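Colleague: just to be clear, the model below is a prediction. Sequence and coordinates:
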Amino acid sequence: MGNSSGRPRDSRKGSGGGSQGGSSQGSYPRNEGSYPRGSGHGGSTQPRGCNQGGSTQPRGSNQGGSTQPRGGSHGNAGGYRQAPKYTPPVPKPKPVAPGFLGKPLSDILNSYTLGKELGRGEFGVTYTCTHKDTNEVYACKTIAKRKLTHKDDIEDVKREVQIMHHLSGTLNIVTLKAVFEDKHNIHLVMELCAGGELFDRIVAKKCYSERAASDLCRVIVNVVHRCHSLGVFHRDLKPENFLFTSMAEDAPLKATDFGLSTFFKPGERFQDLVGTAYYIAPEVLRKDYGPEADVWSAGVILYILLCGVPPFWAETEKGIFDAIMRGTLDFTSDPWPRISDDAKVLVKGMLNPDVNARLTAQQVLDHPWMKEDGASNAPLDNAVLTRLKNFSAANKMKKLALKVIAQNLSEEEIAGLRQLFKSIDVDNSGTVTLLELKEGLIKQGSKFSESDIAKLMESADLDGNGKIDFNEFISATMHMNKLEKEDHLFAAFHHFDRDNSGYITVFELQQALEEDGVGDYDTIQEIIDEVDTDNDGRIDYDEFVAMMRKGNPGAEEGEKHNHRHRY
């Protein structure tokens with residue numbers, strides 16, 4: 001976890017030059033109600049690839065091998081006897097070396113057209129990109145491989161890709177669409193957020209009303225809650241890493257840049273000093289911390305939303321860190337005398353130096369000041385529990401189809417779920433028991449009845465052996481946005497369509513379900529009645545897709561010193 005090499009971990013500093021909005025950098029005097037942002041120590045505020053940025057347009061990948069020898073005839077013309085032909089040996093094709101991400105190289109230009117530049121930084125450039133088939137516009141964060149000079153840099157990129165796959169489809173988090181790697185660059189294609197950074201709106205507004213600040217803080221803390229429930233610790237929450245989807249005043253806000261994020265298990269502690277100076281929690285400076293540090297960072301953002309300046313401010317980085325360790329909050333300067341006591345109490349609770357006394361994400365969401373229009377915020381299920389409930393509600397054909405899809409996911413797509421599974425499988429047996437599932441969900445703050453958890457366990461245990469193995473766990477907990485990919489659905493359909501006729505017959509459905517031990521007559525008849533909407537006695541592809549997507553939630557509920565570092 002720590003930096004054993006002893007070198008400064010600046011691997012992600014200054015990696016981009018602005019968000020998708022391409023905002024300018026600069027500093028703002030404290031007495032003008034704003035705070036600095038920009039490049040310190042030779043780096044910009046943005047992470048590698050500038051929030052959703054990257055490097056120059058790829059030159060294209062040449063994966064070619066050696067040329068085919070022509071080899072000719074050595075015989076004579078006419079009636080002379082020809083000498084035996086000599087055919088030189090054909091050299092074996094050179095194996096294509098996998099890229100930094102561990103898979104064959106691919107050319108983004110086969111699928112996308114790169115457009116205008118959105119931002120530029122030390123590691124590369126962000127572009128718009130347009131899908132050639134659908135004409136949909138995305139952001140392309142391109143990372144220059146020649147800038148990844150240390151092994152840690154490469155591992156950071158690999159982990160960022162894994163985490164973005166893991167979180168894709170989660171409410172208020174930018175969705176990763178595709179990943180390409182050629183000889184020169186790594187390209188992350190993701191949702192385009194054209195409304196710019198939260199940072200820029202804070203600078204423009206100076207400070208927000210309490211109601212508006214509460215609305216934004218609720219989004220930020222919901223992101224923290226959902227990340228933590230999926231075993232992800234962000235470690236670099238700041239206004240620059242939240243983007244608006246459009247320029248509209250009420251545009252949705254989405255979290256981005258998971259370059260410093262990491263997977264964690266409940267109770268795990270970290271020692272490496274990472275983050276952006278203003279937002280670093282005191283326990284991070286002490287190099288003994290956990291995901292509670294994300295709540296601290298969210299508290300710093302809330303303080304800034306309300307008054308326009310950071311709570312811990314100084315001219316130097318050391319001065320900022322000293323102020324953080326002192327922990328003194330200013331509630332006397334303007335506009336704090338006009339801000340409600342409830343808001344101040346919440347800020348104090350989020351910025352409590354005592355980790356054990358600091359508010360949790362759920363406690364922040366339950367705070368009276370955070371309640372939307374006076375309505376109570378019901379406790380959130382953690383993401384694993386929510387997904388298990390959705391899986392439990394599916395019919396047996398859909399469950400089996402999800403199992404097929406799970407078996408065809410790439411390692412980078414399931415890396416996050418693998419970490420979650422390991423954190424629940426405490427005895428490392430490769431299976432999760434009812435007790436382990438219950439204790440794992442309790443550690444994540446979930447509340448449920450004994451009967452509820454038993455039903456969820458039974459539903460996820462597809463082979464009925466009383467335990468959940470890794471494939472069953474993926475089937476039950478992968479995000480339903482995997483069903484947006486046509487190739488996943490097509491593979492699942494053909495698992496049932498044994499004769500490739502384009503239809504799933506009653507007999508084929510029976511065969512597939514019997515192989516999985518659930519092929520009784522009543523079950524099959526229920527599925528046919530539910531899915532066969534045109535009543536022709538069989539299931540076509542459109543009916544199958546409609547069944548798979550029915551009831552799926554679209555998203556789940558939910559010297560400047562502003563550079564970020566691995567110190």
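Modeller: Cool, the structure landed. Numbers count the residues shown, from 1 in each chain.

Colleague: wait, K254 sits on M190?
Modeller: No - look at K254 against M190 with CB atoms under 8 Å: they stay out of range, at 10.0 Å. No exception for glycine: its C-beta is placed from N, CA and C like everyone else's.

Colleague: per-domain residue ranges of the protein.
Modeller: Each domain of the chain is listed here as a residue range: 30-59+100-190, 198-381, 383-549, per automatic domain parsing.

Colleague: just say which of those domains is most tucked in.
Modeller: With neighbours taken as mean count of other CB atoms under 10 Å, the domains of the chain reach their highest mean count in domain 30-59+100-190, at a mean of 21.

Colleague: once you drop chain neighbours, what's closest to D461?
Modeller: I468 (5.6 Å; CB to CB, 6 or more residues apart in numbering).

Colleague: and the one you found, backbone torsions?
Modeller: phi -110, psi 120 (degrees, to the nearest 10).

Colleague: what average pLDDT does the helix or strand hosting E472 get?
Modeller: Per DSSP states H and E, E472 falls inside helix 470-477. For helix 470-477, mean pLDDT is 85.

Colleague: for that helix, packing partners?
Modeller: helix 383-392, helix 396-407, helix 411-424, helix 450-460 (3 or more CB pairs under 8 Å, 6 or more residues apart in numbering; DSSP states H and E).

Colleague: any idea of the angle that helix forms with helix 411-424?
Modeller: 100 degrees (axes from the mean of the first three to the mean of the last three CA atoms, to 10 degrees).

Colleague: per-residue confidence averaged over the helix or strand that helix 470-477 is followed by?
Modeller: Beyond helix 470-477 in the direction of the C-terminus, DSSP H and E gives the next helix or strand as helix 486-496. Average pLDDT, helix 486-496: 86.

Colleague: before we move on, the earlier item: which neighbours do K254 and M190 share?
Modeller: V174 (CB atoms under 8 Å, 6 or more residues apart in numbering).

Colleague: now do the helices in the stretch 201-350 of the chain.
Modeller: Taking DSSP state H, counting those that start in this stretch as the test, the helices found in the stretch 201-350 of the chain are 210-229, 282-285, 292-307, 317-326, 341-350.

Colleague: possible to save these as TSV with mean pLDDT and distance to N500?
Modeller: Putting the helices of the stretch 201-350 of the chain into TSV (pLDDT from 0 to 100; distance: least, CB to CB, whole Å) gives the following:
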stretch	mean pLDDT	distance to N500
helix 210-229	93	40
helix 282-285	98	56
helix 292-307	96	49
helix 317-326	95	64
helix 341-350	96	58
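
Colleague: and those helices as CSV, adding distance to N408?
Modeller: Below are the helices of the stretch 201-350 of the chain laid out as CSV (distance: least, CB to CB, whole Å):
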stretch, distance to N408
helix 210-229, 26
helix 282-285, 39
helix 292-307, 33
helix 317-326, 47
helix 341-350, 42
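
Colleague: closest to E413 out of the ones you listed?
Modeller: Ranking those by their distance to E413 (criterion: CB to CB) puts helix 210-229 first, at 17.4 Å.

Colleague: may I have the closest one exported as CSV, CA atoms only?
Modeller: Provided in CSV are the C-alpha atoms of helix 210-229 (Å, rounded to 0.1, in the frame of the first residue of the first chain):
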residue,chain,number,x,y,z
GLU,A,210,-27.9,26.4,1.5
ARG,A,211,-30.6,24.7,-0.5
ALA,A,212,-28.4,24.4,-3.6
ALA,A,213,-25.4,23.4,-1.5
SER,A,214,-27.4,20.7,0.1
ASP,A,215,-28.6,19.3,-3.2
LEU,A,216,-25.0,19.1,-4.5
CYS,A,217,-23.7,17.7,-1.3
ARG,A,218,-26.4,15.0,-1.4
VAL,A,219,-25.1,13.9,-4.8
ILE,A,220,-21.5,13.8,-3.7
VAL,A,221,-22.2,11.9,-0.5
ASN,A,222,-24.4,9.4,-2.4
VAL,A,223,-21.5,8.8,-4.7
VAL,A,224,-19.3,8.1,-1.6
HIS,A,225,-21.9,5.7,-0.2
ARG,A,226,-22.3,3.8,-3.5
CYS,A,227,-18.5,3.6,-4.1
HIS,A,228,-17.9,2.3,-0.6
SER,A,229,-20.7,-0.3,-0.8
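
Colleague: now do it against helix 411-424, angle only.
Modeller: Using the same axes, to 10 degrees: helix 210-229 against helix 411-424 is 80 degrees.

Colleague: run the chain-centre distance for helix 210-229.
Modeller: 17 Å (CA atoms, centre = their mean, to the nearest Å).

Colleague: which helices and strands does it pack with?
Modeller: Checking 3+ CB pairs under 8 Å, 6+ apart, helix 210-229 ends up next to strand 253-255, helix 292-307, helix 341-350, helix 361-366, helix 383-392.

Colleague: in which helix or strand does the most centrally placed residue in the chain reside?
Modeller: Centroid-nearest residue in the chain: M164, 2.4 Å away (criterion: CA atoms, centre = their mean). Using DSSP H and E, M164 sits in helix 151-167.

Colleague: which residues are contacting that helix?
Modeller: By CB under 8 Å, 6+ apart, helix 151-167 touches 3, 5, 9, 11-12, 48, 100-102, 143, 147-148, 173-174, 176, 179, 186, 188, 190, 226-227, 230, 232, 258-263, 412-413, 415-417, 566.

Colleague: and the residue lying closest to A492 once chain neighbours are set aside, how far from V506?
Modeller: Nearest non-adjacent residue to A492, counting by CB to CB, 6+ apart: A401, 4.0 Å away. A401 sits 17 Å away from V506, going by CB to CB, to the nearest Å.

Colleague: for the protein, name the helix or strand with the lowest mean pLDDT.
Modeller: Lowest on mean pLDDT, DSSP states H and E among the helices and strands of the chain sits strand 564-566, with a mean of 54.

Colleague: thought M247 was touching A194?
Modeller: Yes - with contacts counted by CB under 8 Å, M247 reaches A194, the gap being 7.0 Å.

Colleague: spit out the residues that contact those two alike.
Modeller: With CB under 8 Å, 6+ apart, M247 and A194 have no common neighbours.

Colleague: for the helix holding M164, list the C-alpha coordinates in PDB.
Modeller: C-alpha atoms of helix 151-167 as PDB (Å, rounded to 0.1, in the frame of the first residue of the first chain):
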ATOM      1  CA  LYS A 151       5.500   0.200 -13.100                       C
ATOM      2  CA  ASP A 152       3.300   2.000 -10.600                       C
ATOM      3  CA  ASP A 153       2.000   4.300 -13.300                       C
ATOM      4  CA  ILE A 154       0.900   1.300 -15.400                       C
ATOM      5  CA  GLU A 155      -0.700  -0.300 -12.400                       C
ATOM      6  CA  ASP A 156      -2.600   2.900 -11.700                       C
ATOM      7  CA  VAL A 157      -4.100   2.900 -15.200                       C
ATOM      8  CA  LYS A 158      -5.000  -0.800 -15.000                       C
ATOM      9  CA  ARG A 159      -6.800  -0.300 -11.700                       C
ATOM     10  CA  GLU A 160      -8.500   2.900 -13.000                       C
ATOM     11  CA  VAL A 161      -9.900   0.900 -15.900                       C
ATOM     12  CA  GLN A 162     -11.000  -2.000 -13.600                       C
ATOM     13  CA  ILE A 163     -12.700   0.400 -11.200                       C
ATOM     14  CA  MET A 164     -14.500   2.300 -13.900                       C
ATOM     15  CA  HIS A 165     -15.800  -1.000 -15.400                       C
ATOM     16  CA  HIS A 166     -16.900  -1.900 -11.800                       C
ATOM     17  CA  LEU A 167     -18.800   1.300 -11.300                       C
END
